[in-house]
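K.L.:
the following comprises the amino acid sequence and a computationally predicted model.
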Amino acid sequence: INAEYMGCFYVRFLKYYIMEETEGSVYPIAILIDELKNEDIQLRVNSLKRLSIIAKALGTERTRSELIPYLQSSIDDEDDVLLVMAEELGKMVPYVGGSQHASCLLEPLETLCNAEESCVRDRAVLSLNTIAQQMHPDQLQASFLAMVRRLAAHEWGASRSSACSLLSSLYSSLPGSQKTELCQLFSKLCKDEEPMVRRAACSNIKNLASSLKDRALVTQICIPPFVQHSQDEQDSVRLLSVENCIPLAAALDSPDLVGQHIIPVVRNFCTDRSWRVRYMLCSNFSAICSALGKGVAQREMIQYFASLAADPEAEVRTSLACQVFDFCKLLEVEQIISNVLPTVRELVNDQSQHVRAALAGVIMNVSTLLGCECTIQNLLPLFLTLLNDEFPEVRLNVISKLEEVNRVIGVESLSKSLLPAVVNLAEDKQWRVRLAIINEVPLLAAQLGIEFFNEELSQLCMSWLSDKVFEIRQATAEILRKLAVAFGPDWVSRVLVPRLLTLSKSTNYLYRMTLLYTFQELSTVVEPDIIEKDFLPTLVEMSHDPVPNIRFVCCKVMAALKPKIASSAVNSFMRPTLTKLHDDSDVDVRYFAGQALAIC
């Protein structure tokens, strides 16, 4: 239906486009009205999405005099339609005659700012702010400011909340007296009886502060409502006020003013009665501490870090645990060891698995701040505790950060302290944990060396080829390819291949198939003589396997190996084997054998 509709629309539009002005001048409006009245919401939405095309065909004057008034009269519609209308009106400035006529777009958007659905209001506000950037200051001082006044005085709270989001666009373009009026208007909205309006005002304090560009004005206009919102009876207002600490501290740009106005508010947030406010504070803890300054973080915020880490709500502790590394970057090493690590030790043994998982994701990075000796002495015991955690996500997060620790303490210390625990995890009952260990093997192997790998990890890698989970076997084949590149052809022929070939005798056909896939992975990096000497004879032998799946995978692997070997090996090994398989009793084997023969 949509395709037919689109085709019909463009045919009619093109017909209009080539018609004389006197014959079809109202035709696009007729099309728009027709589709806007359609019972199908999607058709009405599609019609509005082509608003600019119709406006361009009508011309600027008729768009202002006919199209925009019609849209104003059509606003009583579904939210999906109004959302698109609000978006498209923000793009209409060029089609109504430019910035000097942009004020004609304000009326429908003002109506949309009164809509019941918040997403429609937000979209209308965004379009109004876009239009405001293109309007002349005289227009802003007249029509735009008048619209904001009407919204701010509207009896419905949703309209007043829309006005809060429009003030910052006006401020820089207004003369002194109107700026004062605007600030008074904002102050009134900040004290509105509706929590919805106070939330909107709170969310826009930072935008107004950036428009003021003067710390005295910021102190006079933005700080009083900021303090008021931080003490609001509604926690939904207070938690929004938490985010204002950072931009207001930047706008004040004075340690004395920050200490006078921002720090007391932050202290209150740390002990707020609502866990949602404390959660929001913890989510922004490092950024707020950075905005307050290193000195404040080192002198005062450490104690609040410890108190929040003992918060009764697990969500608060989880949020704070994510901030450990970033907070530590603001401190001296001695402070981290004496003040932060005791708190971290409590979090390592937290009763909530989510807290421990969040901590495991960042604690390894703290080693880069402490150095080798302090990491071995203070952090390694915590790493080992987390590696042995009963919750899989905790172990995964630690394993994924092993590289960070290795850079600090070195291979020798890593192998002595953490590697035994890592090896134990290689047999973890959770396959995702085993997979995470597999992904770390190339890094460990490259840094530990061939000898250590052969002694400690090679047998472990081979055991993964016989894992019950396919993803583990597949990942191991890919890891062996990377190891072949790192250790070279001598290691492949001397160590890897003999162990691989034992899989060809496995009683489980899935493990035998894994060997074939491993051959295919290795063929992209090993020398041709290894393929001809070791891989091909095994493939020929496995082509007699009683399981059809093995036989047709042999065909596919041979086709993949063909470009890597000499034509003599193709003629002596591949072609005779594939010819025989082409007459196999299984239809799939015959098919893949035929495809491989076509290549060979």
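P.N.:
Okay, I see it.
K.L.:
CA atoms for contacts and neighbours, from now on please.
P.N.:
Noted.
K.L.:
surely residue 556 meets residue 594?
P.N.:
No: with contact defined as CA atoms under 8 Å, residue 556 does not reach residue 594; the gap is 10.2 Å.
K.L.:
over whatever helix or strand residue 558 lives in, what's the mean pLDDT, rounded is fine.
P.N.:
In the assignment (DSSP states H and E), residue 558 maps to helix 548-561. Mean pLDDT, computed over helix 548-561, is 91.
K.L.:
next: stretch 367-386.
P.N.:
Here the average pLDDT along stretch 367-386 is 90.
K.L.:
first-to-last residue distance for that stretch?
P.N.:
15 Å (CA to CA, to the nearest Å).
K.L.:
which helices and strands does the helix or strand encompassing residue 239 pack with?
P.N.:
When elements are assigned from DSSP H and E, residue 239 belongs to helix 235-252. Where contact means 3 or more CA pairs under 8 Å, 6 or more residues apart in numbering; DSSP states H and E, helix 235-252 is packed against helix 195-203, helix 205-212, helix 223-230, helix 263-270, helix 275-283, helix 285-292.
K.L.:
other residues contacting it?
P.N.:
If you take CA atoms under 8 Å, 6 or more residues apart in numbering as the criterion, helix 235-252 is touched by 195, 198-199, 202-203, 205-206, 209-210, 213-215, 218-219, 226, 229-232, 258, 262, 266, 269, 274, 276-278, 280-281, 284, 287-288, 291-292.
K.L.:
so what's the residue count around residue 506?
P.N.:
Each residue near residue 506 was counted by other CA atoms under 10 Å, and the total is 14.
K.L.:
got the contact list for it?
P.N.:
Contact analysis of residue 506 by CA under 8 Å, 6+ apart lists residue 512.
K.L.:
let's see it at 10 Å
P.N.:
466, 512-513, 515 (CA atoms under 10 Å, 6 or more residues apart in numbering).
K.L.:
gap between it and residue 554?
P.N.:
In terms of CA to CA, residue 506 sits 16 Å off from residue 554.
K.L.:
ok, now residue 436?
P.N.:
30 Å.
K.L.:
who's more crowded, those two?
P.N.:
A direct count of neighbours by other CA under 10 Å for residue 436 and residue 554 places residue 554 higher, at 32 against 20.
K.L.:
does that one touch residue 540 like I think?
P.N.:
Yes: counting by CA atoms under 10 Å, residue 554 does reach residue 540; the two are 8.1 Å apart.
K.L.:
need the residues touching each of these two.
P.N.:
Between them, residue 554 and residue 540 share the contacting residues 577-578, judged by CA under 10 Å, 6+ apart.
K.L.:
backbone phi and psi for the closest residue to residue 438 other than its chain neighbours, please?
P.N.:
Leaving aside its chain neighbours, residue 438 sits nearest to residue 476 (6.8 Å; criterion: CA to CA, 6 or more residues apart in numbering). As for residue 476, its main-chain torsions (degrees, to the nearest 10) stand at phi -70, psi -40.
K.L.:
next: residue 585.
P.N.:
When read as degrees, to the nearest 10, the backbone of residue 585 gives phi -70, psi -20.
K.L.:
residue contacts, it?
P.N.:
Counting by CA under 10 Å, 6+ apart, residue 585 touches residue 548.
K.L.:
against residue 508, how distant is it?
P.N.:
Residue 585 is 22 Å from residue 508, by CA to CA.
K.L.:
also residue 104?
P.N.:
77 Å.
K.L.:
same check, this time on residue 372
P.N.:
From residue 372 to residue 508 the distance is 47 Å (CA to CA).
K.L.:
tell me which of those two has more neighbours.
P.N.:
Each of residue 372 and residue 508 has its neighbours counted (other CA under 10 Å); residue 372 has more, 18 against 11.
K.L.:
go ahead and confirm residue 302 touches residue 339.
P.N.:
Yes: with contact defined as CA under 10 Å, residue 302 counts as touching residue 339 (7.1 Å).
K.L.:
the two: who's more crowded?
P.N.:
When neighbours are counted by other CA under 10 Å, residue 302 and residue 339 differ, and residue 302 comes out ahead with 20 against 17.
K.L.:
and the helix or strand hosting the more buried one, what does it pack onto?
P.N.:
Secondary-structure assignment from DSSP H and E places residue 302 in helix 302-309. Contacts defined by 3 or more CA pairs under 10 Å, 6 or more residues apart in numbering; DSSP states H and E place helix 302-309 against helix 263-270, helix 275-283, helix 285-292, helix 314-321, helix 324-328, helix 341-348.
K.L.:
average model confidence for that helix?
P.N.:
95.
K.L.:
just to revisit the earlier point, quick one: the helices and strands packed on helix 235-252 as TSV, columns for mean pLDDT, mean neighbour count and distance to residue 239 too.
P.N.:
As requested, the helices and strands packed on helix 235-252 are exported to TSV (pLDDT from 0 to 100; neighbours: other CA atoms under 10 Å; distance: least, CA to CA, whole Å):
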stretch	mean pLDDT	mean neighbour count	distance to residue 239
helix 195-203	94	23	9
helix 205-212	89	21	14
helix 223-230	95	20	8
helix 263-270	95	18	9
helix 275-283	96	23	5
helix 285-292	95	22	13
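K.L.:
kind regards, and thank you for your time.
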